[in-house]
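*Asks:* next come a sequence and a model predicted from it.
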Amino acid sequence: MAGVTYMVVEGRKRVGLTFDQANSLFLLIFAAAFVGGKFFLLFEDGADYLRHPGKLLAGRGFVFYGSFLFAVPTMLWYFKKQKLPTYQMLDVMAITTCLVHMFGRLGCFLAGCCYGLPTSSIFGVTFTDPACMANPKGTPLHPTQLYEAGYIFLVMAGLLIFKKYKKFHGQLFLLYLILYAVGRSVLEIFRGDEVRGFVIRDVLSNSQLVALLIIAVAVFVYMRWQKKTRCSGARPMHLDVRLPDLMLNTP
């Protein structure tokens, strides 16, 4: 609710977003995030899910990057359809995503999913409820869910402070992409739920690969937009939703 409230209030203030538009946008993002989050579970244990497709709906949670990668194109399509200023809306959605994701990770902690490796440090948390997803139970584990929730809070706080100093529209969104991807890559080192999948076993997880790709694309786009802003003094206002144009044509 906090994320939706921020989107409605800030969207109305910045771009004149109506309640009906906000409601439609939320429903579209929710649907896209649900499909994407479930679809990316196939990369974790595709054979099992293909044999038992019902587990996709009845089984454990979502893959955040799956939800995110499905939600972003949906947002861009809706912004274009409603003739909303895309770059300003992306900045609004950066903070919105932080709020939703932060509380989502707290939910992960309560469920015991997305847990960390065993640890002897003072930060270790022991899960004992047989219904929780953490493994092994009865052993102190890194509370990676809380690490990530705390990191997202810091990113969000930084973006809110930086908001009044931004040089171009879309800057907050790109900074969010970069900062979260960097933090996620590091946090993956402490994750213990091996079911999330690896590109290179125990070296590079699926999420780390996606994070590295996002960092590369976001840094490239950031530099192009920043350079264009310095040269023209203009802020980018419109965005074609096609990825090639996003990467090759400076707005």
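*Replies:* Perfect, I can see it now.

*Asks:* which ones are touching the closest residue to L179 other than its chain neighbours?
*Replies:* Leaving aside its sequence neighbours, L179 sits nearest to V155 (CB to CB, 6 or more residues apart in numbering; 4.9 Å). In this view, the C-beta of every residue, glycine as well, is placed from N, C-alpha and C. For V155, the contacting residues are C98, Y176, L179, Y180, G183, by CB atoms under 8 Å, 6 or more residues apart in numbering.

*Asks:* what residue lies at the spatial centre of this structure?
*Replies:* F68 (5.1 Å; CA atoms, centre = their mean).

*Asks:* remind me which helix or strand it belongs to.
*Replies:* Using DSSP states H and E, F68 sits within helix 64-81.

*Asks:* which residues sit against that helix?
*Replies:* 24-25, 28-29, 31-41, 84-86, 89-90, 93, 97, 101, 104, 207, 210-211, 239-241.

*Asks:* quick revisit: now do the residue nearest to L179 against V4, distance only.
*Replies:* Separation of V155 from V4 (CB to CB, to the nearest Å) stands at 19 Å.

*Asks:* ok, which stretches of this structure are helices?
*Replies:* Assigned by DSSP state H, the helices in the chain fall at 2-15, 19-39, 42-51, 54-58, 64-81, 86-111, 144-162, 171-187, 206-232, 243-248.

*Asks:* mean pLDDT lowest for which of the ones you listed?
*Replies:* Confidence, taken as mean pLDDT, is least for helix 243-248 of those (a mean of 40).

*Asks:* tell me how far the residue nearest to the centre of the chain lies from I200.
*Replies:* Distance, F68 to I200, by CB to CB: 22 Å.

*Asks:* ok, now F127?
*Replies:* 28 Å.

*Asks:* equivalent analysis for P85, please.
*Replies:* For P85 relative to I200 (CB to CB), the value is 41 Å.

*Asks:* all set now, cheers.
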